[in-house]
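Colleague: just the structure for this:
(chains A, B, C and D)
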2 protein chains.
Amino acid sequence: MSKAPTTDGLAKAARKRKAPRPRKSSGDAATVNGDAPRIARMEDVARRAGVSLMTVSRALRFPDTVADDTRQRIEEASAALNYVGSRLAGQLATGRTRLVAVVLPDLRNPAFALAMQGLSDALGEEFELVVSGTHGVQSGEERVIRALLGYRPAALVVHGGRHDAATRDLLANSGIPVVEMGSLVTRSTSFMVGYSNRAAGKAATQHLIARGYRRIGFVSQPKRDNSRADERWQGFRAALAAAGLTPRPILEIETELGYERGAEVFAELRRRDRKLDAIFFTSDRWALGALFHCQREGIAVPGEVAIMGFDDLDIAALAVPALTTIHVPRYEMGWESGKLLRAQIAGQTLARRSVDLGFELKVRETT
Amino acid sequence: MSKAPTTDGLAKAARKRKAPRPRKSSGDAATVNGDAPRIARMEDVARRAGVSLMTVSRALRFPDTVADDTRQRIEEASAALNYVGSRLAGQLATGRTRLVAVVLPDLRNPAFALAMQGLSDALGEEFELVVSGTHGVQSGEERVIRALLGYRPAALVVHGGRHDAATRDLLANSGIPVVEMGSLVTRSTSFMVGYSNRAAGKAATQHLIARGYRRIGFVSQPKRDNSRADERWQGFRAALAAAGLTPRPILEIETELGYERGAEVFAELRRRDRKLDAIFFTSDRWALGALFHCQREGIAVPGEVAIMGFDDLDIAALAVPALTTIHVPRYEMGWESGKLLRAQIAGQTLARRSVDLGFELKVRETT
DNA sequence: TTGTAAGCGTTATCAA
DNA sequence: TTGATAACGCTTACAA
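Modeller: Here you go, the predicted structure:
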């Protein structure tokens, strides 16, 4: 008896010797003795169904392994108590979560919203998305990712491109499948799904040059904070160089996103060079703002100035004149990322580390 | 000795008597004896810093309660191991999570994206958003919410309006603060933050009537699946009735959202009534699609037909002619919901169960 | 087919 | 100021 006693009584006594943390009321979940209705636990269901905890766990996850009548009793009890299993507990126990963490520069950007929908669709119902925005600030990225990793997600989706050293480190050592969605640029340890912003920027510019435009303005978000902007700019410069055109920094403007800003920047660029004959806006929002501005002011597009956008928003094709722009497969990026992650979560080892979904130059009426 | 022995040895022996589940390698997280680098646990940090588990826990959460040098050692160890605490475990232990569940009809809708940003901003960094879309299908709502509740979120945000009985039940018994965001309509147990779609629909229609339009078309999403659509329609009908106009169901069309559909529906309505003098589109997307269509076809707006939108998308004000529409405070809805939830999570009991953020009729050039 | 015990990684409680 | 222990609600491994 003094050595390894086997009665429950003693074992439990041994466990409870020290002051235990007071547990929540252990009355049946339905029969609450207090005020707020306690959330039903699996144990409550078990008690009500007259079986053990484990039988409930099994009945809920592997219905076939439990006797029919038992299962039925459990299902009734579960429904009666409005039981919703704690995934926190479940996932802690299994070591696997069904969460996919998503880090985006800006939640309100419709382009990202589209990608998220694709991601969500590809992942299906068994996964949930935990989303966080960095407000476009690169320095915030590591903190946000770290916070998300605390939930031990099954996978991580970040917006591709440039990351600081700490972030790269975090991604590389996260121990979970990571997809960088959007840009295709850096050598990286993660999978990449997207297109080349540099190539797209170059293609857009080459189109303008091919159309005969020579004095071309360039509008983007601050390149310092925004790697996409920087890559598109590199493409822009590369196209100029390839055509033997001298870059004119005075015609390159950085500004915040927004339709109104498009009109302002348009006017500013024309002020800087009266003979400006085309502008490459790296977002349709500016381009459309400028286009409407021209319409209002009676400026002929592309007669006086050609306008090139980027993104191919839904309205781009409908505006009058219809906007020439670069189409990017937003939804598909999400979808492809989701498929890739599912495969990896399922244990597959994938070889290809990069999926180029390409882009499409949509030549319409503004160039 | 036979009664309540106090030595650790025996207590542990008693616990370990039966075949224990094989634990993961217990080597230091950095010195892995296998292949994949194990994620560091708090215990690893403790070992490395030469303190107990609890001291680490304290040092990380309440730095002030730990001796300076101890804390420093712990911070170093934590950094060296790239330690990221498991929120799964932490939140299971505390019974409180820092997750806010969000259920939206459609992730890709820019309007919802804006609200999400507001929500995220108001909640701040200590909360994460778990997001799920229902694809506009009301019947999917309960399942989605149930799945989300499994994560024991600190609060729940659903898109307001109509819910089926099972969903209402779930919301009422969730035991956490719930905000219905968007519509202000049903009596509900949850808080509501939004505006009255009915009032907005009525105001829009009254504006058209006041302008002298009498044969007014109405375009919306299927009212059956979409409570907002239904409420706006009720407002539409109410305005007609108040003005003594006879409703003409033939001029009411249901269709899917999309710019292109706007042009199609516009043409269809004009076919149904050649003397149609105005159309109330319950989304700017259709309205703008129709507007561009008119521009292309040389149809005078509002000369031949007046166009009224809903939502006040950014472009609405810039289009030529600028679109008359209803402005809805999307970002503010999210922000207000977030503030409300934070207060409730913090334990405050709030009296007001409904926040009417109103809407604004933006009279511009298309009416 | 069902049940028991141990463990997931953290925090609350109490003792030292 | 620090540490030992039980508990959070579930699942895995094993026994019955």
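Colleague: okay, now the unreliable bits of chain A?
Modeller: Chain A contains residues with pLDDT under 70 at A:1-37, A:136, A:186-188.
Colleague: hey, where'd the helices end up in it?
Modeller: With DSSP state H as the criterion, chain A has helices at A:8-16, A:42-49, A:53-61, A:68-80, A:87-94, A:110-123, A:141-149, A:165-172, A:197-210, A:227-242, A:259-272, A:284-297, A:330-345.
Colleague: which among those helices is found nearest to B:L323?
Modeller: Nearest of those to B:L323, taken as C-beta to C-beta: helix A:284-297 at 11.2 Å. All C-beta spots, glycine's among them, are computed from the backbone N, C-alpha and C.
Colleague: one step back: for B:D225, find the nearest of the helices of chain A.
Modeller: Going by C-beta to C-beta, the one of the helices of chain A nearest B:D225 is helix A:110-123, 17.7 Å.
Colleague: other SSEs contacting the closest one?
Modeller: With contacts taken as 3 or more C-beta pairs under 8 Å, 6 or more residues apart in numbering or on different chains; DSSP states H and E, helix A:110-123 sits against strand A:99-104, strand A:128-133, strand A:178-183, helix A:330-345, helix B:110-123, strand B:128-133.
Colleague: does A:F127 really touch A:V102, like I thought?
Modeller: No: counting by C-beta atoms under 8 Å, A:F127 stays clear of A:V102, with 10.8 Å between them.
Colleague: which one of those two has more residues nearby?
Modeller: A:V102 (29 against 22; other C-beta atoms under 10 Å in any protein chain shown).
Colleague: on that earlier part again, could you dump the helices and strands packed on helix A:110-123 into TSV with distance to DNA strand D added?
Modeller: As requested, these are exported to TSV (distance: least, C-beta to the nearest atom of the strand, whole Å):
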stretch	distance to DNA strand D
strand A:99-104	15
strand A:128-133	16
strand A:178-183	24
helix A:330-345	15
helix B:110-123	24
strand B:128-133	18
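Colleague: B:D164: which of the helices of chain A is closest?
Modeller: Of the helices of chain A, the one closest to B:D164 (C-beta to C-beta) turns out to be helix A:68-80, at 16.1 Å.
Colleague: what inclination does the closest one have with respect to helix A:42-49?
Modeller: Using axes from the mean of the first three to the mean of the last three C-alpha atoms, to 10 degrees, the inter-axis angle of helix A:68-80 relative to helix A:42-49 is 120 degrees.
Colleague: get me the contact residues on the stretch 101-250 of chain A for chain B.
Modeller: Contact residues (C-beta under 8 Å from any C-beta of the partner chain) of the stretch 101-250 of chain A with chain B: A:106-110, A:112-114, A:116-117, A:120, A:125, A:128-133, A:143, A:146-152, A:169-170, A:173, A:175.
Colleague: buried ones among those?
Modeller: With neighbours counted using 16 or more other C-beta atoms under 10 Å in any protein chain shown, these contain these buried positions: A:106-110, A:112-114, A:116-117, A:120, A:128-133, A:143, A:146-152, A:170.
Colleague: and the residue positioned nearest the centre of chain A, how close does it get to B:D311?
Modeller: Note on chain A: the residue nearest the mean C-alpha position is A:V102, at 4.3 Å, using C-alpha atoms, centre = their mean. As for A:V102, its distance to B:D311 is 25 Å (criterion: C-beta to C-beta, to the nearest Å).
Colleague: same deal with A:D230?
Modeller: 33 Å.
Colleague: one more: A:R272?
Modeller: For A:R272, the distance to B:D311 - C-beta to C-beta - is 36 Å.
Colleague: the two: which is more packed in?
Modeller: B:D311 (23 against 13).
Colleague: what residues are up against that one?
Modeller: Neighbouring residues of B:D311 by C-beta atoms under 8 Å, 6 or more residues apart in numbering or on different chains: B:A111, B:S283, B:D284, B:R285, B:T325, B:I326, B:H327, B:V328.
Colleague: most neighbours out of the residues you listed, which is it?
Modeller: B:T325 (28 neighbours).
Colleague: give me the number of residues near the closest residue to that residue other than its chain neighbours?
Modeller: Nearest residue to B:T325, sequence neighbours excluded (C-beta to C-beta, 6 or more residues apart in numbering or on different chains): B:G309, at 3.6 Å. Residues lying near B:G309 (other C-beta under 10 Å) number 30.
Colleague: thinking B:G309 is in contact with B:P321, fair?
Modeller: No: look at B:G309 against B:P321 with C-beta under 8 Å: they stay out of range, at 11.8 Å.
Colleague: need the overlap of contacts for these two.
Modeller: Listed as contacting both B:G309 and B:P321 by C-beta under 8 Å, 6+ apart are B:T366.
Colleague: send me stretch A:180-193 as PDB with only the CA atoms.
Modeller: Extracted in PDB, the C-alpha atoms of stretch A:180-193 (Å, rounded to 0.1, in the frame of the first residue of the first chain):
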ATOM      1  CA  GLU A 180       3.700  34.700 -49.900                       C
ATOM      2  CA  MET A 181       0.900  35.900 -52.000                       C
ATOM      3  CA  GLY A 182       1.000  38.700 -54.600                       C
ATOM      4  CA  SER A 183       4.500  39.400 -55.700                       C
ATOM      5  CA  LEU A 184       7.000  37.100 -57.300                       C
ATOM      6  CA  VAL A 185      10.300  38.500 -56.600                       C
ATOM      7  CA  THR A 186      12.700  37.600 -53.900                       C
ATOM      8  CA  ARG A 187      14.300  34.300 -53.400                       C
ATOM      9  CA  SER A 188      12.500  33.100 -50.400                       C
ATOM     10  CA  THR A 189      12.000  30.000 -48.200                       C
ATOM     11  CA  SER A 190       8.300  30.300 -48.600                       C
ATOM     12  CA  PHE A 191       6.000  29.400 -51.500                       C
ATOM     13  CA  MET A 192       5.100  32.300 -53.700                       C
ATOM     14  CA  VAL A 193       1.900  32.700 -55.600                       C
END
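Colleague: now that stretch: buried residues?
Modeller: Those would be A:E180, A:M181, A:G182, A:S183, A:L184, A:V185, A:S188, A:S190, A:F191, A:M192, A:V193, for stretch A:180-193 by 16+ other C-beta under 10 Å.
Colleague: and if you look at stretch A:71-85?
Modeller: For stretch A:71-85, by 16+ other C-beta under 10 Å, it's A:R71, A:R73, A:I74, A:E75, A:A77, A:S78, A:L81, A:N82, A:Y83, A:V84, A:G85.
Colleague: okay if I get those as CSV plus distance to DNA strand C?
Modeller: Converted to CSV, the buried residues of stretch A:71-85 look like this (distance: C-beta to the nearest atom of the strand, whole Å):
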residue, distance to DNA strand C
A:R71, 7
A:R73, 9
A:I74, 9
A:E75, 12
A:A77, 12
A:S78, 14
A:L81, 17
A:N82, 22
A:Y83, 16
A:V84, 18
A:G85, 13
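Colleague: burial count for A:V51?
Modeller: The burial count for A:V51: 20, using other C-beta under 10 Å.
Colleague: unless I'm mixing things up, it is touching A:I74, no?
Modeller: Yes: between A:V51 and A:I74 there is a contact under C-beta under 8 Å: 6.6 Å.
Colleague: tell me, what's touching these two both at once?
Modeller: In contact with both A:V51 and A:I74: no residue, using C-beta under 8 Å, 6+ apart.
Colleague: which residue is the nearest non-sequential neighbour of A:L92?
Modeller: Nearest to A:L92 is B:L88, by C-beta to C-beta, 6+ apart, at 4.7 Å.
Colleague: number of residues surrounding that neighbour?
Modeller: 23.
Colleague: any idea how far B:R41 is from it?
Modeller: 12 Å.
Colleague: A:R58 contacts A:T70, doesn't it?
Modeller: No: A:R58 lies out of contact with A:T70 (C-beta under 8 Å); the separation is 9.4 Å.
Colleague: who touches the residue lying closest to A:V328 once chain neighbours are set aside in this structure?
Modeller: Closest residue to A:V328 apart from its sequence neighbours, by C-beta to C-beta, 6+ apart: A:F359 at 5.3 Å. Residues in contact with A:F359 (C-beta under 8 Å, 6+ apart) are A:Y195, A:S196, A:A199, A:A200, A:A203, A:I326, A:H327, A:V328, A:P329.
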